Each structure stands twice: as C-alpha cells, then as structure tokens.
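In: Turn this into a structure:
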Amino acid sequence: MKQQCLECGDKLVGRIDKKFCSDACRNAYNNRVNKDSKNLIRNTNNRLRKNYRVLEELNPSQKTKVSRSKLIEKGFDFNYFTSIYTTKAGTVYYFVYDQGYLPLEGDYYALVKRES
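Out: Okay, the predicted model is just below:
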C-alpha cells in the first residue's frame, strides 16, 4: 500500500514515515487544522487585543484617569476583559492582561498597569 500526502493525496516518495509531498502541503494542512475553528474564539481574541491597545495607548504613564466616553470613542468594549482583581477593601479592578481599569464616580475610570 502506497502512502499518500495528507493534504493533496499525491503519492509519497522517500521515507516510510513521510506524511506530506512538499513543504507547501505541510503548511497548508497545518494551517487548516490549527486555525481558530470558531468565529467566536477569533472574534473574542480580536476584541481583547483591541481593548489592550486602547488601554495601553491611553495609559502611557502606568497610571491615569480617563472618561468613559474617551474609551468608547477609541473602540473599547467593556464586555471583554481577562481577569478581575478585588482588593482587601473591596475595590474591583478589571484587567486585560496587565492593563487594568477601575470604575470611578462620574463616568471616569482609573487606568493602571499591573506590576510584573
């Protein structure tokens, strides 16, 4: 029984454990298998990246205050964050990786960067 390329089905020549006829077929196969299988995952990751870029842009000094409207204007989506940190005093910070925000009174947010 002759081996066939997993991507294109061509006959394989060479090593007995060979799976692909070329680098192009190997790359195409792995790209197809490993791509985000669901739009939900891809869209969520894109949203998190966007939120991170917005927080990073608006918080160059590691700690600042910004209005809700400014965040929304830049395309920030408050539904997407990676973690929540609650202090001993009960203050709740929302983080997108190491960039965080704390809701303040009057539609303002304190932006912080978590220390490594």
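
In: How many neighbouring residues does the closest residue to D107 other than its chain neighbours have?
Out: Of all residues not flanking D107 in the chain, R68 sits nearest, at 4.3 Å (Cβ to Cβ, 6 or more residues apart in numbering). Every C-beta, even on glycine, is put in place using the N, C-alpha and C of the backbone. Neighbours of R68 under the rule other Cβ atoms under 10 Å: 16.

In: Wait, N51 touches K74, no?
Out: No - assessed by Cβ atoms under 8 Å, N51 is found out of contact with K74, at 9.5 Å.

In: Check for me that R49 belongs to a helix.
Out: Yes - counting by DSSP: H, G, I helix; E, B strand; the rest coil, R49 is located in a helix.

In: what about it, distance to G75?
Out: For R49, the distance to G75 equals 11 Å [Cβ to Cβ, to the nearest Å].

In: What score does the residue positioned nearest the centre of the chain have for pLDDT?
Out: By Cα atoms, centre = their mean, the chain has its centre lying nearest to N45, at 3.5 Å. Here, the pLDDT recorded for N45 equals 93.

In: Now it: phi and psi?
Out: Note on N45: its backbone torsions stand at phi -60, psi -40 [degrees, to the nearest 10].

In: Where does the nearest residue to A110 once chain neighbours are set aside fall, secondary structure wise?
Out: In this structure, A110 finds its nearest non-sequential neighbour in L102, 4.3 Å apart by Cβ to Cβ, 6+ apart. Assigned by DSSP states H and E, L102 belongs to strand 99-103.
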